[in-house]
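Trainee: Quick one: sequence and predicted model below, then my questions.
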Amino acid sequence: MVPINPTHRDLLGALSAGNPSTRLKAALAAGTHPDPGFLGELVARSAVEPDFFVRDMVTWALTRLPAEITVPRLLDELANGRAQACSQALHTLSKIGDRRAWPAITRALLHDADDEVARSAWRAAVVLVPDEGRAALAEDLAAQLGRGDRGVQLSLSRALVALGDVAEPALRTGLASEDPVVRAHARATQRLLRDPDAGFAPDVEEAKRVAALGPERAAGASC
């Protein structure tokens, strides 16, 4: 795939083409020949692009532009109201890594009802948070232990692990929770924190089984 140097008109047409391969090539070309004039088209495409690989290439193209113009435009997207626009803006901000974006990572985003928005906010937060805010962020993340399916829980655990030692005390409430799913998620996260190569799924899956069957029936079923 050899990228060509696109004009603004070419890029606009190719990024909205029906063929995802054409859109992928357009995003590659935009990143290979970065031009601030492409910013609007790339951000707009990121907000609606259905193909994962094209979205990833658009993110890369955005990271090739100067942060001083890209970051403010992405921050505007956080108020867009559309889940994908917000999620992709957060994802791109995490890739750029400009800590001036940190104040925009609000508790509302970290606790967003849409799992993809929240997951993107978690990933961005652990990259952008200043040192003095790491412990508070760990507490905020740990308050969501037990949320979602295995993929969501693993994302949350990885975010906590990325914060390092400050995550350990933040897990205490979850470890003492009466909710078996929360408790198991906290244990799985603690194990990952201490040994990044440790498995994640068994504790969480067992907790779900206990929650569904009840402690006595689950114990009997394992005999």
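Mentor: Perfect, I can see it now. Numbers count the residues shown, from 1 in each chain.
Trainee: Nearest residue to the middle of this structure?
Mentor: S120 (2.3 Å; C-alpha atoms, centre = their mean).
Trainee: can you pull the contacts of the residue nearest to that residue when sequence neighbours are not counted?
Mentor: Closest residue in space to S120, ignoring its immediate chain neighbours: L90 at 3.8 Å, by C-beta to C-beta, 6 or more residues apart in numbering. Every residue, glycine included, has its C-beta placed from N, CA and C. Counting by C-beta atoms under 8 Å, 6 or more residues apart in numbering, L90 makes contact with L78, I105, L109, V117, S120, A121, R123, A124.
Trainee: Please, which helix or strand holds L90?
Mentor: L90 is part of helix 83-96 when elements are defined by DSSP states H and E.
Trainee: in that helix, what's buried?
Mentor: Going by neighbour count (16 or more other C-beta atoms under 10 Å), the buried part of helix 83-96 is 83-94, 96.
Trainee: okay, how far is it across stretch 99-114, tip to tip?
Mentor: End-to-end distance for stretch 99-114: 24 Å, by C-alpha to C-alpha, to the nearest Å.
Trainee: Also stretch 57-68?
Mentor: Stretch 57-68: ends 20 Å apart by C-alpha to C-alpha.
Trainee: and what of stretch 102-120?
Mentor: End residues of stretch 102-120 are separated by 13 Å (C-alpha to C-alpha).
Trainee: distance between it and the chain's centre?
Mentor: Relative to its parent chain, stretch 102-120 has a centroid offset of 9 Å by C-alpha atoms, centre = their mean, to the nearest Å.
Trainee: Could I get the average pLDDT for that stretch?
Mentor: For stretch 102-120, mean pLDDT rounds to 96.
Trainee: same thing with stretch 74-94?
Mentor: 93.
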